[in-house]
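Asks: sequence first, then the predicted structure:
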Amino acid sequence: MKIILKQVLILNPEQKLDQKSDILINNGIIEKIDGLKEEDFKSSKVFDLENKICSPGFFDMHVHLREPGREDEETVETGSNAAAAGGFTGVACMPNTEPTIDSAEIVRFIKEKAKDHLVDVYPVAAATLARKGETLSPMYELFEAGAVAFSDDGVAIKNAGVLRNALEYSINFGTPIIEHCEDESMTDGVMNEGLISTTLGLPGIPKVAEDLIVMRDIMLAEFTGGKVHIAHISSKKSVELVRQAKKNKINVTAEVTPHHFTLTDDLLKTYDTNYKMNPPLRARADVEAMIEGLKDGTIDCIASDHAPHAIEEKETEFIFAPNGIIGLETQLSLVMSELVHKKHLTISQVIEKMAMNPRKILNIPIPQIKIGEVANLTIFDSDQIWTVDINKFKSKAKNSPFDKRLMTGKSIAVINKGKMFFEDKFISI
């Protein structure tokens, strides 16, 4: 099938593309960019996309698909549907499943589940067996099976010696060790430690719990030459540590979630469990530090930390509710609303942080918008105003604090692997 993306604005900072063009796609391959003839339009399905932006497909490098083990919360398919609806053509899924992604068989199982979907799914394998921090997982076998990184996500690798070994071993594959940076001896709380936690009578988690592990990991990355990626960074001090490490040419990268550059711990005064997450929402100074880190390149990419939970799990006392929110279907809009329209980032910088840099960190090929290449594209409207409705989400879960929020910017379509998601349905092209 032939389709034409008519008068779309092509943006790709890596290719230095910034042009309004028609794109002809034939059986999933980009056949023409501009120079289309009348017969091309007659023989193709035409999508009028004037004033819409076309970029390389967005990639979220931190999502939880829950399969295997908690298919009641999410599956590879439903999570991938949510990704497509949110404007993503690729995701990396984290290993804290039940059982843990610590064997080649489970890596292959996930890849098999995802193989026919529009969205590319790349498993992140556990760095240690069962994520216990004691014994390295069979990293070579996991890499050979298709793992693109290693992490004990949900917890930091507990033992510094084990982390050293993981970093040294991972150098052989060029894969990062993705770290959830928290010192577990200081994380008995349920929200950010400070005046608000004291006022609410809720046990707090101090920011230094994150800062300590970030500092440890940077030091070990420097010592080993390995590659550390700081997941969902949230404290001002941690951003400063990463900034200095980069100045010292240490191999460290970082990501931030939309909720950590958008929301503060002040919102927990409602005791709404949809504001309970890990790392917890921080103070206004930390939010401002996240934005500054994005602006100056300290923070390399934006990731959702999409964390689906069953409704009954979140609808309980705050102290007992699980951490996390879903984010795939609101991420792009929050980025446009809070970063682009508030003049913190340009759209080209957003494309770097949501399409280019995540793939660079994981050593995944970056899609090119040129003739002869497979069409792997995200098409979005940076100015569309819409209201979030969790009941229309593709995710199985509904645990979002952004329900009924007015947003500016929305994904219009994604294209990958000869498929297109447009107007709430998948089309073979």
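Replies: That came through fine.

Asks: tell me the buried residues in stretch 22-40?
Replies: 22-26, 28, 30-33, 36, 40 (16 or more other Cβ atoms under 10 Å). For every residue, glycine as well, the C-beta is placed using N, CA and C.

Asks: what mean pLDDT does it get?
Replies: For stretch 22-40, mean pLDDT is 96.

Asks: give the burial count for the spatially closest residue to residue 43 that is not a sequence neighbour, as a bare number.
Replies: Closest residue to residue 43 apart from its sequence neighbours, by Cβ to Cβ, 6 or more residues apart in numbering: residue 2 at 6.0 Å. Applying other Cβ atoms under 10 Å, we find 16 other residues in the vicinity of residue 2.

Asks: same question, the one 10 residues further on
Replies: Applying other Cβ under 10 Å, we find 23 residues neighbouring residue 12.

Asks: so it sits right up against residue 53, yeah?
Replies: No: when contacts are counted by Cβ atoms under 8 Å, residue 12 is not listed as touching residue 53 (10.5 Å).

Asks: residues contacting the residue nearest to residue 43?
Replies: With contact set as Cβ atoms under 8 Å, 6 or more residues apart in numbering, residue 2 has these partners: 24-27, 31, 40, 43-45.

Asks: closest to residue 300 out of the residues you listed?
Replies: Distance ranking of the contacts of residue 2 against residue 300, using Cβ to Cβ, places residue 25 first at 30.0 Å.

Asks: could you say what helices and strands the helix or strand harbouring the closest one packs with?
Replies: Under the criterion of DSSP states H and E, residue 25 resides in strand 17-26. If contacts are counted by 3 or more Cβ pairs under 8 Å, 6 or more residues apart in numbering; DSSP states H and E, strand 17-26 sits against strand 2-12, strand 29-33.

Asks: next, the angle from the last one to strand 2-12.
Replies: Just to be clear, that refers to strand 29-33. Between strand 29-33 and strand 2-12, the angle comes out at 70 degrees (axes from the mean of the first three to the mean of the last three Cα atoms, to 10 degrees).

Asks: can you list the neighbours in contact with strand 29-33?
Replies: Here strand 29-33 makes contact (Cβ under 8 Å, 6+ apart) with 2, 10, 21-25, 40, 369-375.

Asks: farthest-apart pair in those, please.
Replies: 40 and 374 (19.5 Å).

Asks: how close does residue 305 get to residue 231?
Replies: 7 Å (Cβ to Cβ, to the nearest Å).

Asks: which residues are in contact with both of those two?
Replies: Overlap of the contact sets of residue 305 and residue 231 (by Cβ under 8 Å, 6+ apart) consists of residue 62.

Asks: which one of these two has more residues nearby?
Replies: Taking neighbours as other Cβ under 10 Å, residue 305 and residue 231 compare with residue 305 leading, 28 against 24.

Asks: dump the residue contacts of the more buried one.
Replies: 62-64, 231-232, 257, 277, 324, 327.

Asks: turn those residues into CSV, including pLDDT.
Replies: CSV is the format used below for the contacts of residue 305 (pLDDT from 0 to 100):
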residue, pLDDT
62, 98
63, 98
64, 98
231, 98
232, 98
257, 98
277, 97
324, 98
327, 98
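
Asks: pLDDT wise, what is the nearest residue to residue 272 once chain neighbours are set aside at?
Replies: Among residues not flanking residue 272 along the chain, residue 401 sits closest, at 6.7 Å (Cβ to Cβ, 6+ apart). You'll see residue 401 listed with a pLDDT of 98.

Asks: what's the neighbour count on residue 401?
Replies: By other Cβ under 10 Å, neighbour count at residue 401 equals 22.

Asks: shouldn't it be in contact with residue 326?
Replies: No: Residue 401 lies out of contact with residue 326 (Cβ under 8 Å); the separation is 9.9 Å.

Asks: can you check which residues contact both of those two?
Replies: With Cβ under 8 Å, 6+ apart, residue 401 and residue 326 have no common neighbours.

Asks: residues contacting residue 290?
Replies: With Cβ under 8 Å, 6+ apart, residue 290 has these contacts: 233-234, 239, 256, 260-261, 299.

Asks: that one in helix, strand or coil?
Replies: helix (DSSP: H, G, I helix; E, B strand; the rest coil).

Asks: could you measure from it over to residue 259?
Replies: 10 Å.

Asks: ok, now residue 136?
Replies: From residue 136 across to residue 259, the span is 32 Å (Cβ to Cβ).

Asks: more neighbours, those two?
Replies: Neighbour count, other Cβ under 10 Å: between residue 136 and residue 259, residue 259 has more, with 28 against 18.

Asks: and the more buried one, helix, strand or coil?
Replies: Look at residue 259: counting by three-state DSSP, its state is helix.

Asks: that one against residue 326, yeah?
Replies: No: applying Cβ under 8 Å as the test, residue 259 and residue 326 come out as separate, 10.6 Å apart.

Asks: got the contact list for residue 152?
Replies: 95, 126-128, 131, 133, 158, 180.

Asks: wait, which of these is closest to residue 170?
Replies: Distance to residue 170 across the contacts of residue 152 (Cβ to Cβ) is lowest for residue 127, with 8.4 Å.

Asks: how about that closest one, what does it touch?
Replies: Applying Cβ under 8 Å, 6+ apart, the residues near residue 127 are 136-137, 139, 150-152, 157, 162-163, 166, 177.
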